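Participant: dropping a prediction and its sequence here:
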Amino acid sequence: MGVPMELVKKVESEARRLFALTTHEKRKVLRSPGGATGYGLPRISPFFPKCMWHEGFTIMGSCVDDAKVLWPHDYQRFCDTMDGYQNQMKLLAQKLLLLILQSLDVTQEELNWATSTHDTQGALQLNSYPSCPNPSATLGLAPHTDSPLLTILHQSGTNGLEIFIEGLGWSPVSPVEGAFVVNIGDLLHIFSNAKFPVVYHRAMVNQSIHRISVAYFHGPPVESMVTPLSNSGNPRFKSLLVKEYISLKSKHNEKALSLIRI
Ligand SMILES: O=C(O)CCC(=O)C(=O)O
Ligand SMILES: [Fe+2]
């Protein structure tokens, strides 16, 4: 299934329009403490001693309230673009998940859990990494794993993303024109009983280019239970509510997975 390239480019240019606003303007839609949407620092910031060279804007569903604050007379273009992109990402994520699940030979109930069309939780994260005079002194986004099942990432043609490979260390994932990066998140790691391992990743900054990336996070409803697949051998993780896991992650960051290990 193709996502129109024109839409991807539009999302990128709308993201650039947003981050080009003054700090004073952007702070009008600052993410509230404990809130999920809006403008702000990376959510993982409290776990790291140094500031990251990054600013972000998170959207869940409609972004009309924030967009009206930013562009009182011209918010529709931003909202239409983000809505259209979220719809396309949701369809793509569901399709990818189905392919993954088919390879795992799951029961109908497990299939329903992971692909329930109505209730999935999606979030769109616009990331901005301004060019940096001394890139080696900082990180764009510190090492982390994404919490949901899958992340679909658009890198906007600029290097920066790195993944950690056991035995190899940090390895760049160079952007490929017309392709997305698909990351496995914590919940798919738990659900697949580690058959689809989570990917530890980070983002670097560079000296000359203001890099934009757009991540779509796709997960199950927060009120549902996540349980390792029944046919995957001894479960390696405890079953728990998705929202319990998210809360554990917000308190313990990358240690959350080991806290629910059996
Ligand atoms: O900018 C990137 O390439 C990575 C972004 C990312 O990891 C995230 O938004 O969780
Ligand atoms: Fe990430």
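Facilitator: Here it is on my side, so go on. Predicted, not measured: the structure shown is a model, and the values here were computed from it. Ligands and ions are numbered 1, 2, ... in the order given.

Participant: where does residue 230 sit: helix, strand or coil?
Facilitator: At residue 230 the chain is in coil, as set by DSSP: H, G, I helix; E, B strand; the rest coil.

Participant: got phi/psi on the residue nearest to it when sequence neighbours are not counted?
Facilitator: Taking C-beta to C-beta, 6 or more residues apart in numbering, and ignoring the residues beside it in sequence, residue 230 has residue 107 as its nearest neighbour in space, at 6.4 Å. Backbone N, C-alpha and C define where each C-beta goes, glycine included. Main-chain torsions, residue 107, degrees, to the nearest 10: phi -80, psi 170.

Participant: residues in contact with residue 128?
Facilitator: Applying C-beta atoms under 8 Å, 6 or more residues apart in numbering to residue 128 gives the contacts 15, 19, 54-57, 210-212.

Participant: repeat the analysis, applying 7 Å as the threshold.
Facilitator: Shown in contact with residue 128 (C-beta atoms under 7 Å, 6 or more residues apart in numbering): 19, 54-56, 212.

Participant: contact residues of the stretch 151-262 of the chain facing ligand 1?
Facilitator: 153, 155, 160-161, 201, 203, 213, 215 (C-beta under 6 Å from any ligand atom).

Participant: rerun that using 8 Å as the cut-off
Facilitator: Within the stretch 151-262 of the chain, the positions adjacent to ligand 1 are 151, 153, 155, 160-161, 173, 181, 183, 201-203, 211, 213, 215, 217 by C-beta under 8 Å from any ligand atom.

Participant: among these, which lie within strands?
Facilitator: 151, 153, 161, 181, 183, 201-203, 211, 213, 215, 217 (DSSP state E).

Participant: between those residues, which sits nearest residue 133?
Facilitator: residue 211 (14.8 Å; C-beta to C-beta).

Participant: quick one: residues contacting that closest one.
Facilitator: 129, 156, 158, 160, 205.

Participant: sort those by pLDDT and name the bottom one.
Facilitator: Lowest pLDDT among those: residue 156, with 90.
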